[in-house]
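Undergrad: Next comes the sequence, and after it the predicted model I'd like to discuss.
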Amino acid sequence: MRSLPTRRLAAVALTAAASVVALAGPAFAHVTVNPGAAAQGGYTAVDFRVPNESDAAGTVKLEVNLPLDHPLASVRTLPLPGWTAAVEKAKLDKPIKVHGSDVNEAVSKITWTADAGTKIAPGQFQEFRVSIGPLPSDADSMVFKTLQTYDNGDVVRWIDESKDGQPEPAHPAPVLKLTKAAAGEDAHGGVTASPSAGAHGDSADHTAGPAGAKSSDSTARVLGVVGIVVGVIGTAVGVLGLRRRSSGSAS
């Protein structure tokens, strides 16, 4: 007769632990830009980090739309084995000047398509690296609306823009925050000497601060979730031990 409450207590503890993990999981499942910040006016290399959220399908295509309200004159993709990158350009309504020359068109979209036999499988993620610049000097962020296609035909549209004071949307678009260049930096934000250096240049070091902070925050949240789960299970085990001792004393 005394085993029933004990079983119920164990079930409640396990359910609570599972709920904590389930609630924490979605916070890490968005498509994001990494690092999440870069200096205005400079060149940088960023990774579009794409997690596979489906338990039954794999990601086989990624479409990243680049904002044309702040066009980027230089956009270069880093080759990724198993994936083919296609770059689309659009005519600009108003040419932009880069290093003294007029630029009349800019990249509007990059599409990565998986080769046969390649996909981002359930439980996996992939990073798609791009060198971009010069970044706008008159904006504090850039939004990259993204579409993620699965091999079962499902398409997840990461296009919702977050607004201050409001809850994060279900499918937020990846955002690159732009910060003021530090005093004494050159026209390239002190990041790289040329657009071509963006893919492997010093940009990663330049933006390591914000990226590191974001990584540390994610790590802290993971450890916090693990701590809660361990605490719940530990409490349940302790209560079960007390009940068993009480049962032994009573007998």
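TA: Cool, got the structure. Residues are numbered from 1 along each chain as shown.
Undergrad: quick one, strands of the stretch 51-200 of the chain?
TA: 59-65, 74-77, 83-98, 101-114, 125-133, 141-143, 146-150, 155-158, 175-179 (DSSP state E, counting those that start in this stretch).
Undergrad: Quick one: closest of these to Q166.
TA: For these, the distance to Q166 is smallest for strand 175-179, at 14.5 Å, taking CB to CB. Bear in mind the C-beta positions are built from the backbone N, C-alpha and C, glycine included.
Undergrad: How about residues contacting that closest one?
TA: If you take CB atoms under 8 Å, 6 or more residues apart in numbering as the criterion, strand 175-179 is touched by 33, 36-40, 46, 135-136, 139-144, 162, 210.
Undergrad: next one: stretch 86-103
TA: When contacts are taken as CB under 8 Å, 6+ apart, the neighbours of stretch 86-103 outside the stretch itself are 68, 71, 73-75, 77, 104-113, 134.
Undergrad: same thing but 10 Å
TA: 63, 65-66, 68, 70-77, 104-113, 130, 133-134, 136, 187, 194-195 (CB atoms under 10 Å, 6 or more residues apart in numbering).
Undergrad: just to revisit the earlier point, with distance to E168 as added columns, please give the strands of the stretch 51-200 of the chain in TSV.
TA: Listed next are those as TSV, based on distance: least, CB to CB, whole Å:
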stretch	distance to E168
strand 59-65	20
strand 74-77	27
strand 83-98	28
strand 101-114	25
strand 125-133	19
strand 141-143	14
strand 146-150	16
strand 155-158	12
strand 175-179	11
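Undergrad: Which of the contacts of stretch 86-103 are buried? Put it as a ChimeraX command.
TA: Entered in ChimeraX, the line below selects the buried ones among the contacts of stretch 86-103, by 16 or more other CB atoms under 10 Å:
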select :63,65,66,68,70,71,72,73,74,75,76,77,106,107,108,109,110,111,112,130,133,134,136,195
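Undergrad: Let me have the strands of the stretch 51-200 of the chain in TSV, extended by mean pLDDT and distance to P167.
TA: Output for those, formatted as TSV (pLDDT from 0 to 100; distance: least, CB to CB, whole Å):
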stretch	mean pLDDT	distance to P167
strand 59-65	98	24
strand 74-77	96	32
strand 83-98	92	33
strand 101-114	94	29
strand 125-133	98	24
strand 141-143	97	18
strand 146-150	98	20
strand 155-158	98	16
strand 175-179	97	16
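Undergrad: Which of the ones you listed sits closest to P169?
TA: The minimum distance between P169 and the strands of the stretch 51-200 of the chain falls on strand 155-158, with 9.5 Å, by CB to CB.
Undergrad: Quick check: which ranges of the stretch 151-251 of the chain have low pLDDT?
TA: 183-251 (pLDDT under 70).
Undergrad: re the thing from before, nearest to P51 among the strands of the stretch 51-200 of the chain would be which one?
TA: Distances from P51 to each of these were compared by CB to CB, and the smallest falls on strand 125-133, at 4.2 Å.
Undergrad: Report all helices and strands that the closest one contacts.
TA: Secondary structure elements in contact with strand 125-133, counted by 3 or more CB pairs under 10 Å, 6 or more residues apart in numbering; DSSP states H and E, are strand 32-34, strand 44-51, strand 59-65, strand 74-77, strand 83-98, strand 101-114, helix 203-206.
Undergrad: List the buried residues of the longest one.
TA: Read it as strand 83-98. Residues of strand 83-98 classed as buried by neighbour count (16+ other CB under 10 Å): W83, A85, L92, I96, V98.
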